[in-house]
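Student: Task: produce atomic coordinates for the following.
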Amino acid sequence: MTLSAHNLEVVYEDVMLVLKGASINVPKNGIVTLLGANGAGKTTLLRAISGLLGVHRGKITRGHISVDDVKLDTDQAPAVVRAGVSQVMEGRRIFIEFTVEENLLVGAHTTPRAAIDSKLDYVYEMFPALKGRKKQHAGYLSGGEQQMLAIGRALMAEPKYLILDEPSLGLAPQIVSQIRDLIVQLKESGLGILLVEQNAAMALSIADHGYVMENGKIVMDAPAKALREDEDIQEFYLGLGESAGSLRDVKHYSRRKRWLS
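Tutor: Just a heads-up that it's a prediction; the model follows:
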């Protein structure tokens, strides 16, 4: 039972090759993190999986996406959601002029009408702060509450797999800790989670497995524990080396030959 990208190549506007044979697997009941500097191809990989490439004039030219060993025969986002994959995009992307509950209902467009009330109850149980403010406009929520709303909206589609793109971005450390615990809770509820996160230390502390992407290719994949102990990962992602940089600053670095083996 996995969400898989198989040997993906992605081209933008028929000329720019961005993904160059990228493959990843996200198991049910597991957390997989994807690391890489800006421009490595992470966002393109997420768009490919979520069916959002067309919006950005991109297309898959080789490879495919499969959910639980069933190949998706379309790259349209509604079909991907119906197959059991939901994404929480970077920046949350909530509708600030809608109420909290209206935002949640937007996420339920593929959910059977008879199940919507039970899904609302589930989200409100997970996020009590949202229940108390369900009639308020989402624009008045704090940054942490907006992130919870974005995750709750994704859960309304009853996904099997959840993609989280930079869920801690711009949040206070205390809220980041809450988001971390929430991600673990979602895994324990049975979801498979693909996590892209600039806070590599947080991501690797909860992930089961990790992939490192550079220049459109997966250059390393290993259990999260092995990545935490890897000297290059420590230096360039965890800030433990002399020339350490952040996920957003590191563009190029030397790596051992085994990364490309």
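Student: Just the helices from the stretch 1-150 of the chain, written as ranges.
Tutor: 42-50, 77-83, 100-106, 113-126, 128-131, 143-155 (DSSP state H, counting those that start in this stretch).
Student: Next, the angle from the fourth one to helix 143-155.
Tutor: Just to be clear, that refers to helix 113-126. Compare the direction of helix 113-126 with that of helix 143-155 by axes from the mean of the first three to the mean of the last three C-alpha atoms, to 10 degrees and you get 150 degrees.
Student: After the lengthiest helix in the chain, which helix or strand is next?
Tutor: As assigned by DSSP state H, the longest helix anywhere in the chain is helix 173-188. Downstream of helix 173-188, the next assigned helix or strand under DSSP states H and E is strand 192-196.
Student: counting contacts, what elements does the helix or strand that that following strand is followed by pack onto?
Tutor: Helices and strands here follow DSSP H and E; after strand 192-196, the next one along the chain is helix 200-206. Applying 3 or more C-beta pairs under 8 Å, 6 or more residues apart in numbering; DSSP states H and E, one finds that helix 200-206 contacts strand 31-35, helix 173-188, helix 224-229. For the C-beta atoms, the positions are set from N, CA and C on the backbone; glycine is no exception.
Student: what's helix 200-206 in contact with?
Tutor: The contact list for helix 200-206 (C-beta atoms under 8 Å, 6 or more residues apart in numbering) reads 31, 33, 35, 168, 176, 180, 183-184, 187, 195, 197, 210, 224, 227-228, 233, 237-239, 247.
Student: in it, what's buried?
Tutor: 200, 202, 203, 204, 206 (16 or more other C-beta atoms under 10 Å).
Student: And it, how far out from the chain middle?
Tutor: The chain centroid and the centroid of helix 200-206 are separated by 14 Å under C-alpha atoms, centre = their mean, to the nearest Å.
Student: Per the annotation, how does this structure divide into domains?
Tutor: The chain is divided into the following domains under automatic domain parsing: 2-84+160-260, 94-158.
Student: Now mean pLDDT too, for these, in JSON lines please.
Tutor: Below are these laid out as JSON lines (pLDDT from 0 to 100):
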{"stretch": "domain 2-84+160-260", "mean pLDDT": "87"}
{"stretch": "domain 94-158", "mean pLDDT": "92"}
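Student: Let me have the helices and strands packed on helix 200-206 in a markdown table, extended by mean neighbour count and distance to residue 115.
Tutor: Listed next are the helices and strands packed on helix 200-206 as a markdown table, based on neighbours: other C-beta atoms under 10 Å; distance: least, C-beta to C-beta, whole Å:
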| stretch | mean neighbour count | distance to residue 115 |
| --- | --- | --- |
| strand 31-35 | 25 | 26 |
| helix 173-188 | 15 | 18 |
| helix 224-229 | 17 | 34 |
